[in-house]
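J.: my questions are about this predicted structure, shown below with the sequence.
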Amino acid sequence: MVISEVALHVFSGAVPGPRCDLLNSNLHFRVPRRINAICRKKQFSNSFNGSSHNRMWIYGMPSDDLSLQCHCQKAEGVAGVTSDGGNGAWFKDPGTTVNQIISDTNGQKILGVEELQQSNNGKPDVGDSTMSASDVAASHAARKKKGSSIEDEAWRLLRDSVVYYCGSPVGTIAANDPADSSVLNYDQVFIRDFIPSGIAFLLKGEYDIVRNFILYTLQLQSWEKTMDCHSPGQGLMPASFKVRTVPLDGDESATEEVLDPDFGEAAIGRVAPVDSGLWWIILLRAYGKCSGDLSVQERIDVQTGIKMILRLCLADGFDMFPTLLVTDGSCMIDRRMGIHGHPLEIQALFYSALLCAREMLAPEDGSADLIRALNNRLIALSFHIREYYWVDMRKLNEIYRYKTEEYSYDAVNKFNIYPDQISPWLVEWMPNKGGYLIGNLQPAHMDFRFFTLGNLWSVVSSLATTNQSHAILDLIEAKWSDLVSDMPFKICYPALEGQEWKIITGSDPKNTPWSYHNGGSWPTLLWQLTVACIKMNRPEIAARAIDVAEKRIAADKWPEYYDTKKARFIGKQAHLYQTWSIAGYLVAKQLLANPDAANILWNEEDVEIINALNLMVDSSNPRSKRGRKILKKTYIV
């Protein structure tokens, strides 16, 4: 019935059809996700020279233009951007565009002598400790030249990974290693993987690819209510999509391009992505703040997409906590790693997405209830994470002396945590100065592993307090040899080993100790580290990590991840020329060169949330009288 109505509107000319010019539609027509925008091509003979050309057909209507380019309408330009500035080049023939190296290396920040000495335990990078001033200057110049060369290569590789749909750039593939015959799904555009690529292009002033990505992935969003357990829930964003060229029914000489989304149906483990929609909202806000083009987020279909993601995340369920309840494999760690429940990474992205959405939602009567629920969740979520996920030496001493089996609203040990859960490694590892947010919290269970993305994004989003944010960076500095070592950055620490690894991962041969998600090192985390460090006015930490990465990453062909405790080996199953490793490095370098640009990604602390948290802290004090509150929405606080 839906398809029939759409077809009636299309052929009657009432609204634009589900075609590749939907980016320019001012009517904000939403297309069912299985009706894909298409671009059709038909072979014909040129009577002048006998050669064969690709003639474009749009819904069966031949075009009079004999060029090789699709006759889809070009996406609306952004004010102030011309074809000479980089954006217009995206709509040239992809074969002549993607191999261009367009990189402005002027003004890049290069590490100073003091930073180089700091990264080498107080010794100069080359030569002995008695190097002359001329030797140090020569080393500095060589490193500057090397850094520029690495950036040039990175930009070339990033542009080579761009995916085109109907002649327009719509994303970047996950990896682009020409020597790898086992591509699996690494030839697809992943939403989470594209985020650093999109930010790199935004910081470069090339906005069209990000705009196209935002609007085309919106068209793939699941917007029908779930009717059975194998269908994606309403509002779910796909994990990835692929541009496929398929033959047109009834005409062997004609083809069409379709966007084929994957909501987890084909993924290893068949797990739907929770983080895709959250990253989409964060990128949408970054696009508006960087480009100045707010028309995209103001579109009716985009506003509807934001609301659908929020309703999916804010839906009532059986859970009593303000955190999102998710299963293993639903985020960057997309395999069984014991993060089911309330993993920190999802909570940090959730908090950031709520703040970004509140900033972008248009005020209207229909949004009042949603905004009210959003505000309530922000307050409860921030209190919950700051209060119960935080550990440092003081908090560990408190947990060590916990009493168990407490029953009352005034209980101190609210989650019935047994002190024996404090692992011996943590007792030795926790520095006197610094702390972090644990990986997960459930009744009678605290996952004390350090998860990098969750902690860094808690800093970026202001989910962590200012003091906690500085403490997280203090811990990174104190545990540099464990978390950074020969290649930044450990995805989590420590690795699961022995019987624990067998039970928790199911003896996963890819997640062996100190490999892949189980304590592997991921260069893409450089950009999140850089944003967090700049936000806290400590960019020297990020500069030091980038210096470590530059020594190897290009020579190693930009691997997906590194193995071993010190990150000395390229991952045993790591794909080379991994796009988000390339883009993560570029974003980190761009932000260090222009720190003010990092504010497109971070969230400032909200005064109203701070005031509400102060009241909650007072009311949660066991020494104060506290009766049971009757609230419209209750959470365990």
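T.: Nice, thanks for sending it over.
J.: thought W280 was touching M237?
T.: Yes: between W280 and M237 there is a contact under Cβ atoms under 8 Å: 5.4 Å. Every C-beta, even on glycine, is put in place using the N, C-alpha and C of the backbone.
J.: out of those two, which sits in the busier spot?
T.: M237 (28 against 25; other Cβ atoms under 10 Å).
J.: the more buried one sits in which helix or strand?
T.: Under the criterion of DSSP states H and E, M237 resides outside all helices and strands.
J.: those strands in the chain, which residues are they?
T.: Counting by DSSP state E, one finds strands in the chain at the ranges 39-45, 52-58, 61-62, 162-165, 168-172, 189-190, 240-248, 251-262, 390-392, 435-442, 445-451, 492-493, 562-563, 569-570.
J.: redo these as a markdown table? Include distance to Y407 and mean neighbour count.
T.: Shown next, in a markdown table, are the strands of the chain (distance: least, Cβ to Cβ, whole Å; neighbours: other Cβ atoms under 10 Å):
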| stretch | distance to Y407 | mean neighbour count |
| --- | --- | --- |
| strand 39-45 | 64 | 17 |
| strand 52-58 | 68 | 18 |
| strand 61-62 | 72 | 11 |
| strand 162-165 | 56 | 22 |
| strand 168-172 | 52 | 26 |
| strand 189-190 | 46 | 26 |
| strand 240-248 | 47 | 17 |
| strand 251-262 | 46 | 18 |
| strand 390-392 | 24 | 20 |
| strand 435-442 | 18 | 23 |
| strand 445-451 | 19 | 21 |
| strand 492-493 | 34 | 22 |
| strand 562-563 | 47 | 26 |
| strand 569-570 | 51 | 18 |
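J.: to W223, which of those lies closest?
T.: Smallest distance to W223 across those (Cβ to Cβ): 12.1 Å, for strand 251-262.
J.: and the closest one, what does it pack against?
T.: Judged by 3 or more Cβ pairs under 8 Å, 6 or more residues apart in numbering; DSSP states H and E, the packing partners of strand 251-262 are strand 39-45, helix 208-220, strand 240-248.
J.: I figured M360 hits A286, correct?
T.: No: between M360 and A286 there is no contact under Cβ under 8 Å: 11.1 Å.
J.: and A464, how many neighbours?
T.: Neighbours around A464, by other Cβ under 10 Å: 29.
J.: brain fart, P595
T.: So P595, with other Cβ under 10 Å, has 18 neighbours.
J.: roughly how far apart are it and L526?
T.: For P595, the distance to L526 equals 15 Å [Cβ to Cβ, to the nearest Å].
J.: re the thing from before, compare M360 and A286 (neighbour count), which wins?
T.: Between M360 and A286, counted using other Cβ under 10 Å, the more crowded position is A286 (21 against 18).
J.: residue contacts, the nearest residue to that one once chain neighbours are set aside?
T.: In this structure, A286 finds its nearest non-sequential neighbour in I600, 4.5 Å apart by Cβ to Cβ, 6 or more residues apart in numbering. By Cβ atoms under 8 Å, 6 or more residues apart in numbering, the contact list for I600 reads 199, 202, 285-286, 289-290.
J.: A545 now?
T.: Contacts of A545 (Cβ under 8 Å, 6+ apart): 484, 488-489, 526, 529.
J.: for W280 and M237, list the residues in contact with both.
T.: Joint contacts of W280 and M237 (Cβ under 8 Å, 6+ apart) are 191, 217, 309.
J.: shaky segments in the stretch 51-200 of the chain?
T.: In the predicted model, the stretch 51-200 of the chain carries pLDDT under 70 at residues 51-147.
J.: check the stretch 451-600 of the chain too.
T.: Across the stretch 451-600 of the chain, nothing is flagged by pLDDT under 70.
J.: still on that earlier bit, can I get the strands of the chain in CSV with distance to V296?
T.: Output for the strands of the chain, formatted as CSV (distance: least, Cβ to Cβ, whole Å):
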stretch, distance to V296
strand 39-45, 22
strand 52-58, 24
strand 61-62, 29
strand 162-165, 17
strand 168-172, 15
strand 189-190, 18
strand 240-248, 19
strand 251-262, 18
strand 390-392, 37
strand 435-442, 33
strand 445-451, 32
strand 492-493, 35
strand 562-563, 37
strand 569-570, 39
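J.: could the contacts of I600 go into TSV alongside distance to D160?
T.: Below are the contacts of I600 laid out as TSV (distance: Cβ to Cβ, whole Å):
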residue	distance to D160
I199	18
L202	19
R285	28
A286	24
K289	28
C290	23
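J.: could the helices and strands packed on strand 251-262 go into JSON lines alongside distance to W558?
T.: Below are the helices and strands packed on strand 251-262 laid out as JSON lines (distance: least, Cβ to Cβ, whole Å):
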{"stretch": "strand 39-45", "distance to W558": "31"}
{"stretch": "helix 208-220", "distance to W558": "20"}
{"stretch": "strand 240-248", "distance to W558": "20"}
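J.: for the residue nearest to A286, give its distance to I385.
T.: 23 Å.
J.: on that earlier part again, of all the contacts of A545, which two lie farthest apart?
T.: Among these, V484 and L526 lie farthest apart (Cβ to Cβ), at 10.1 Å.
J.: those two: who's more crowded?
T.: Higher neighbour count among V484 and L526: L526, with 28 against 23, using other Cβ under 10 Å.
J.: okay, now the closest residue to M308 other than its chain neighbours: neighbour count?
T.: Leaving aside its sequence neighbours, M308 sits nearest to G235 (Cβ to Cβ, 6+ apart; 3.4 Å). Other residues lying near G235 total 21 when counted by other Cβ under 10 Å.
J.: and for the one 4 residues further on?
T.: Neighbour count of A239, defined by other Cβ under 10 Å: 26.
J.: which residues touch stretch 177-191?
T.: Counting by Cβ under 8 Å, 6+ apart, 163, 170-175, 213, 217, 237-243, 262, 266-267, 273, 276, 279-280, 557, 575-577 sit against stretch 177-191.
J.: only alpha carbons, please: show that stretch as PDB.
T.: Coordinates of each C-alpha in stretch 177-191 appear next as PDB, following Å, rounded to 0.1, in the frame of the first residue of the first chain:
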ATOM      1  CA  ASP A 177      44.000  -2.300   0.400                       C
ATOM      2  CA  PRO A 178      44.500  -3.300  -3.300                       C
ATOM      3  CA  ALA A 179      46.500  -6.300  -2.300                       C
ATOM      4  CA  ASP A 180      43.800  -7.800   0.000                       C
ATOM      5  CA  SER A 181      41.600 -10.300  -1.700                       C
ATOM      6  CA  SER A 182      39.500 -10.900   1.400                       C
ATOM      7  CA  VAL A 183      37.500  -7.600   1.700                       C
ATOM      8  CA  LEU A 184      34.500  -9.100   3.700                       C
ATOM      9  CA  ASN A 185      32.400  -6.000   4.400                       C
ATOM     10  CA  TYR A 186      35.400  -3.600   4.500                       C
ATOM     11  CA  ASP A 187      34.300  -2.300   1.000                       C
ATOM     12  CA  GLN A 188      31.200  -0.700   2.600                       C
ATOM     13  CA  VAL A 189      30.600   2.700   4.100                       C
ATOM     14  CA  PHE A 190      30.200   2.300   7.900                       C
ATOM     15  CA  ILE A 191      28.500   5.100   9.800                       C
END
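J.: which residues belonging to that stretch are considered buried?
T.: Within stretch 177-191, the residues that qualify as buried are 177, 185-191, counting by 16 or more other Cβ atoms under 10 Å.
J.: just give me how far it sits from the chain centre.
T.: 18 Å (Cα atoms, centre = their mean, to the nearest Å).
J.: with stretch 425-439 instead?
T.: Using Cα atoms, centre = their mean, the offset of stretch 425-439 from its chain centre is 26 Å.
J.: what's the answer for stretch 598-618, then?
T.: With Cα atoms, centre = their mean, you get 22 Å for stretch 598-618.
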